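Trainee: I would like to see how this sequence folds:
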Amino acid sequence: MTTTAPSRLSALLTPGEPLLRLSLRLDAVVTGVNGLAYLALAYPLERLLGLEVRAGLAIGVFLTAYGLAVAVVGLRSPISRPAAAAVAIGNTAWVVASLAAALTGALSLTTVGTVWAVLQAITVGGFAALQYRGLRAA
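Mentor: Below you'll find the predicted structure:
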């Protein structure tokens, strides 16, 4: 008997360690790629987002390192619950910081930059929600 793709997907999305592992790994990839983009595109992003080059580079370094750390947490077997909880808390802090930057104008973002900050908050909030759900059931 073979396993179908929908049943494999539903197994990955079942609350517990499979969901936690999937959410950590996806988070690591998205965060790492985002960090590398901030590093590689710091100058064009300054014009597009209104984010100063130094701030963009600092965010890029942080996100790249954070993505690597999240990957380590997601690749461990079994997953360390305290480490996964720290990632979920860190993601929640990122959501708050992104929304604060968008709402207060603290970073002098352009309209595109403000929309980007909100979209990042939504994405990272989704990862945090999946991680909290996976942790509760693990």
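Trainee: phi, psi for the closest residue to residue 29 other than its chain neighbours please.
Mentor: Ranked by CB to CB, 6 or more residues apart in numbering and with sequence neighbours excluded, the top spatial neighbour of residue 29 is residue 67, at 7.4 Å. Glycine gets a C-beta too; all of them are placed from N, C-alpha and C. Torsion angles at residue 67 (phi, psi; degrees, to the nearest 10) stand at phi -60, psi -40.
Trainee: do the one 10 residues further on as well
Mentor: Summarising the backbone geometry of residue 77 under the convention degrees, to the nearest 10, its torsions are phi -140, psi 120.
Trainee: which pLDDT does the model give it?
Mentor: Predicted confidence (pLDDT) for residue 77: 93.
Trainee: from here on, call the first residue 14.
Mentor: Got it, first residue is 14 now, which makes that one residue 90.
Trainee: and the residue nearest to residue 42, what is it in contact with?
Mentor: 40-48 (CB atoms under 8 Å, 6 or more residues apart in numbering).
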